[in-house]
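1. Kindly generate the corresponding structure for this input.
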Amino acid sequence: MDETLTIEAADGTFQALIVRPDDPGPAPVIVILQEIFGVNAGIRQIAAEYAVQGYIAVCPDLFWRFEPGLSLSEHTEANWKKGFDYYSRYDFDQGVDDIVRTVVAARTLTGASGKVGLTGYCLGGLLTFRAAARGAPDVAVAYYGGGTERYVGEGGGVTCPLLMHLAGDDEYIGKDARETIVSALGSKPNIEIHVYPGRNHAFARPGGDHYDEADAAAANGRTRDFFRTHLSA
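-> Sure thing, here's the model as predicted:
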């Protein structure tokens, strides 16, 4: 049976999946934020990989107000329609508050070292950036956060180390949006941005239609080194 963490929000409670390393700890926590498809097989695979690296992985259910426990494959049109419907009605400010609460709860998990890294993909990438601007995690990594260009004014609040991965041919983050992000945030000493030429959105999603093995490995290697550097005891 999956281990879960129950988190108190202002308007209810929601669950987060926990995947633990074999070593009982203490270990840093990585909070992993989903795309529009929920805590699905791809997110669970990413969580399992972090556990192998020695982290406690925590995956909060971001769409709990719509459909608790959502887990969709991205390979059907109906699932895309449902995911985008929830995304279009999602309250991003509520979502950031949910993430901040998740990070706070993760620090006190049994076996946790007290340090928390935050990462996310697309929707989760945007929420990673915005939660970092709220001072929630010790370190953050955002993968192609859709809509980040609309919130770059919050970048002054990002004081933790932040790594950002952007796709060069992202169909959801166009050239102008990407340039806005890089121009506004790229000169900050605590923010590191990498652009992957020729890649589409979600190039690092395991099993995704646009997955690129070489650039996913490059991005994930940078992420692995970044977390190791900033979450080591």
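2. Output the below-cut-off pLDDT ranges for this protein.
-> Along the chain, segments meeting pLDDT under 70 span 1, 233.
3. And the residue nearest the centre of it?
-> Gly120 (1.1 Å; CA atoms, centre = their mean).
4. Summarise which helices and strands the longest helix belonging to the chain is packed against.
-> Using DSSP state H to assign secondary structure, the helix with the most residues in the chain is helix 213-231. In terms of contacts (3 or more CB pairs under 8 Å, 6 or more residues apart in numbering; DSSP states H and E), helix 213-231 is packed against strand 27-33, strand 112-121, strand 139-143, strand 162-167, strand 191-196. For the C-beta atoms, the positions are set from N, CA and C on the backbone; glycine is no exception.
5. And the last one, what's buried?
-> Applying a neighbour-count criterion of 16 or more other CB atoms under 10 Å, the buried positions in strand 191-196 are Ile191, Glu192, Ile193, Val195, Tyr196.
6. Is the second one in contact with Leu162, as I believe?
-> If I follow you right, that is Glu192. Yes. Using CB atoms under 8 Å, Glu192 is in contact with Leu162, at 7.3 Å.
7. Mutual contacts of those two, please.
-> Residues touching both Glu192 and Leu162 (CB atoms under 8 Å, 6 or more residues apart in numbering): there are none.
8. all helices of the chain, in order?
-> Secondary structure of the chain (DSSP H): helices at 41-52, 77-89, 92-107, 123-133, 175-185, 213-231.
9. Nearest approach to Glu154 belongs to which of those helices?
-> helix 123-133 (4.0 Å; CB to CB).
10. circling back to that earlier point, want to try CSV for the helices and strands packed on helix 213-231, with distance to Arg89 as columns?
-> What follows is the helices and strands packed on helix 213-231, written out as CSV (distance: least, CB to CB, whole Å):
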stretch, distance to Arg89
strand 27-33, 18
strand 112-121, 19
strand 139-143, 22
strand 162-167, 26
strand 191-196, 30
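11. contacting residues for Val58?
-> Counting by CB under 8 Å, 6+ apart, Val58 has contacts Leu5, Ala16, Leu17, Ile18, Val29, Ile30, Val31, Ile32, Thr102, Ala106, Leu109.
12. Can you name the two of these that sit furthest apart?
-> Farthest pair in the contacts of Val58, by CB to CB: Ile32 and Leu109, 14.2 Å.
13. what about those two, which has more around it?
-> Ile32 (28 against 21; other CB atoms under 10 Å).
14. what bridges to that one?
-> With DSSP bridges applied, Ile32 shows beta-bridge pairing to Thr119.
15. got the contact list for it?
-> Counting by CB under 8 Å, 6+ apart, Ile32 makes contact with Ile43, Ile46, Ala47, Tyr50, Ala57, Val58, Cys59, Thr119, Gly120, Gly124.
16. now swap in Arg20 and tell me
-> Contacts of Arg20 (CB under 8 Å, 6+ apart): Glu3, Ala27, Ala51, Ile56, Ala57, Gly111.
17. Any of those residues buried? List them.
-> The buried subset of the contacts of Arg20 (16+ other CB under 10 Å) comprises Ala27, Ala51, Ile56, Ala57.
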